[in-house]
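Novice: Just need the structure, nothing else, for what follows:
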Amino acid sequence: MRYAPDKKGIVYAIDIKHAEHIAEYYRERGLNAVAISSKTPAEERKYIIERFRNSNDSLRNTNCHELSMNDSLKNTNCQVLDSPIRILVNVDLFGEGFDCPDVEFIQLARPTLSLSKYLQQVGRGMRVYEGKRYCLILDNVGLYRLFGMPSDDRDWQAMFEGKLAGKGNIASAEERYSVAYALRDESRCITSNEQTELITVMTHEGQRMDLDEAYGYEVKENGMGLLGVIDKDGNEVLPYIYNKVELKAHGLAKLYSKKKFDRERPWMDLKNGVRFVRRPWIVRYGFLDFSTTDGRMLYPRVKTRRMDENCFVMLDALTNGIEKGLQYRTFYIQPSEPERLYIYKEKIDDMQLWEDDSGGWAYRKDNECLLHPVSREAWLTRKDAWTEEMRRFEQDVNENTWLFEPRIEMKYTYAYSERLLPDFEEIDLRIEHRSDGTEQAYCREYKYTKWKPVGVFAKVYPQAYDIRVVQNLNGKYIVRTKWFEPFDNPEQEYDFAELLDNVILHIVQNGKEYWVYLENKVCFAKKPELVTIGFLNFLKMDDVYVEMSQYNNRKYRRKEIRMGKDICFLGSNDVLLKPSSREWRNHFYIHRRYADGKHYLLSKTMDEEGYAPLYELYYDGVNAPKLKKQQK
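Specialist: Predicted structure coming up:
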């Protein structure tokens, strides 16, 4: 009633009882259906078939009693036979040898494991007839999942030789066919759930477009008897160099020539130009079709000639989906242009430059799927500005930052939050102020429970981070442990020194003023500013950023700090994950970036030859990162 109103069709049932049940059910709802099987008497069967064949003709006005019926027909409901029979429900009668070309729909209400039976059944409705636009197939048992569409191209030779059984796999249905149009224009997924509502897998218009794409090629011959291939628009796809060309469905071809390469790799996907040793087949993942010969190495079906047999993507790389585009090797395909291939050229910060087959340029930001067209002049202008920015940054780093060489060992604070000097207290320290203005310092010796003199100084300053600044009797400033022990011999003396908040030592030496971040010993020519980006703290001087960590003394530009959800990428090699309550730091180094731009292989050391464990990271730019330890 919903899909095939007023259409004439054949229903295939499981057995006689099932067929009679379907026919009765349809009649109760105003559809004139008759069940027929091998048990139906021959004369009655012949009469019903004639009524069905002629249901579109003038027999609509013919009374049942005007036709010759034998005794067996008298027991049949005359009202049913008197009306045009629009639906025949049969059991194994019309698989073959039944000719009624105006059949408009086939309903499959019985399963089968036979490809030939499937094709015979649907074939009853695929005859050409004047005024008939298409045949509608109502597949209640999902046979298309096992065998594909009736119009699919099949390797009959392989089946004949027993290499293929002609059966499919229900689990792979979603990979083989996508839903073209569903009820109420809603998007549906193909499932094996028995409660799944009927969905439209392929419309007549959709199949026509598929056929144009699959068969839209033609073999042509030149004046020398050599063959080539053109597309439906007359454009040359293959040059005229072949002795024989066999066109197959889905834009595949087998090529014959005297060249060794053509003998070794005779098969070609005419769409992407990739050559194969044996005949490929077509699979679909997400928005893309792929050609493959083993189901693992997949070649995207894009219109290009820049791909070869090495330009495949592994099936494992598609595990997490390609809804944001497919990036592999030096190629990228965006969902909005599934037939266009972009080739990587260069990168500026988080922007990648791509070029298509026609020479057009476009840029794409990390973790975005959309490419933005850009002119060559605009990109080169942007690149010149970036080059100048990098030159100024390197100059700023070289002139205004350096590493602090004197040895100072301190208590590491793991400064993920601001640390203030009042956070630290003096314990077991006694100061005596002498009459000459100097200060005698004492520390408690726990072993003997007495005070031990540790020196006379012009000034003693409070300790922080397990170190302290003192001024010696010569007026110079020195840095010692909080117990007044020297770090070096001889000690480094300064014109001025003081401890500041955020683990910073302020120094003046030989007229030069600078600030030292004691965690990683980076010196700044200007006083740095504490800034927080996401879950990390940085010291900032102009556009130079240093992470507040004892392990990392590299300098970054702001554009090199890419903060995401619970993750931060620093420069090109460092990855930091937001620490949990049980961990104080999750710092990793990138050992490998996978082609899709979402997978990474990480380690906690930079030594690739070491024995540190490796970790697999997946981050799509939107959701929280997923980290797991790699199995040995």
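
Novice: so the nearest residue to residue 481 once chain neighbours are set aside bridges to which residues?
Specialist: Closest residue to residue 481 apart from its sequence neighbours, by CB to CB, 6 or more residues apart in numbering: residue 467 at 6.1 Å. All C-beta spots, glycine's among them, are computed from the backbone N, C-alpha and C. Beta-bridge partners for residue 467, by DSSP bridges, are residue 464, residue 481.

Novice: Next one: residue 467 from residue 291, what distance?
Specialist: 67 Å (CB to CB, to the nearest Å).

Novice: In the protein, which helix is the longest?
Specialist: When the chain is parsed with DSSP state H, its longest helix is helix 376-400.

Novice: Quick one: mean pLDDT over it.
Specialist: Averaging pLDDT along helix 376-400 gives 95.

Novice: Go through that helix and flag the buried ones.
Specialist: 379, 393, 396, 397, 400 (16 or more other CB atoms under 10 Å).

Novice: Can you add distance to residue 13 and give the residues you listed back as a markdown table?
Specialist: Shown next, in a markdown table, are those (distance: CB to CB, whole Å):
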| residue | distance to residue 13 |
| --- | --- |
| 379 | 66 |
| 393 | 77 |
| 396 | 82 |
| 397 | 81 |
| 400 | 86 |
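
Novice: ok so, going back, and residue 467 and residue 291? which has more neighbours close in?
Specialist: residue 291 (25 against 18; other CB atoms under 10 Å).

Novice: list the contacts for the more buried one?
Specialist: Residue 291 makes contact with 252, 269, 271, 272, 274, 276, 280, 281, 282, 298, 299, 301, according to CB atoms under 8 Å, 6 or more residues apart in numbering.

Novice: go on, residue 237?
Specialist: 217, 228, 229, 230, 231, 270.

Novice: Buried subset of those, written for ChimeraX?
Specialist: To isolate the buried members of the contacts of residue 237 in ChimeraX, using 16+ other CB under 10 Å:
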select :217,228,229,270
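
Novice: so, if you compare the contacts of residue 237, which one comes nearest to residue 336?
Specialist: Nearest to residue 336, judged by CB to CB, of these is residue 231 at 22.7 Å.

Novice: separation between residue 290 and residue 7?
Specialist: Distance from residue 290 to residue 7, by CB to CB: 37 Å.

Novice: more neighbours, the two?
Specialist: residue 290 (24 against 15).

Novice: ok, now which ones touch the residue nearest to that one when sequence neighbours are not counted?
Specialist: Spatially, and ignoring its direct neighbours in sequence, residue 290 is nearest to residue 298 (3.8 Å; CB to CB, 6+ apart). By CB under 8 Å, 6+ apart, the contact set of residue 298 is 283, 285, 290, 291, 292, 312, 313, 314, 315, 318.

Novice: Nearest the geometric middle of this protein, what residue?
Specialist: The centroid of the chain falls nearest to residue 322 when counting by CA atoms, centre = their mean (2.8 Å).

Novice: and the residue lying closest to it once chain neighbours are set aside, what is it in contact with?
Specialist: In space, and not counting its chain neighbours, residue 322 is closest to residue 286: 4.3 Å by CB to CB, 6+ apart. Residues near residue 286 by CB under 8 Å, 6+ apart: 318, 321, 322, 323, 326, 335.

Novice: out of those residues, which is most surrounded?
Specialist: Neighbour max across the contacts of residue 286 (other CB under 10 Å) = residue 326, 29 neighbours.

Novice: burial count for the residue nearest to it when sequence neighbours are not counted?
Specialist: Leaving aside its sequence neighbours, residue 326 sits nearest to residue 333 (CB to CB, 6+ apart; 4.7 Å). Here the number of neighbours of residue 333 (other CB under 10 Å) works out to 25.

Novice: I'd guessed residue 333 sits against residue 342; true?
Specialist: Yes: with contacts counted by CB atoms under 8 Å, residue 333 reaches residue 342, the gap being 7.1 Å.

Novice: Show me the shaky parts of the stretch 351-500 of the chain.
Specialist: 412-418, 448 (pLDDT under 70).

Novice: which residues of it fall in strands?
Specialist: 351-356, 361-365, 372-373, 401-403, 429-433, 439-445, 450-457, 459-460, 467-471, 477-481, 496-500 (DSSP state E, counting those that start in this stretch).

Novice: what's the fourth one packed up against?
Specialist: Which is strand 401-403. On a contact count with 3 or more CB pairs under 8 Å, 6 or more residues apart in numbering; DSSP states H and E, strand 401-403 meets strand 522-524.

Novice: Would you list the strands that the strand it packs on pairs with, along with their directions?
Specialist: Those paired with strand 522-524 in the sheet (DSSP bridges) are strand 401-403 (antiparallel), strand 512-517 (antiparallel).
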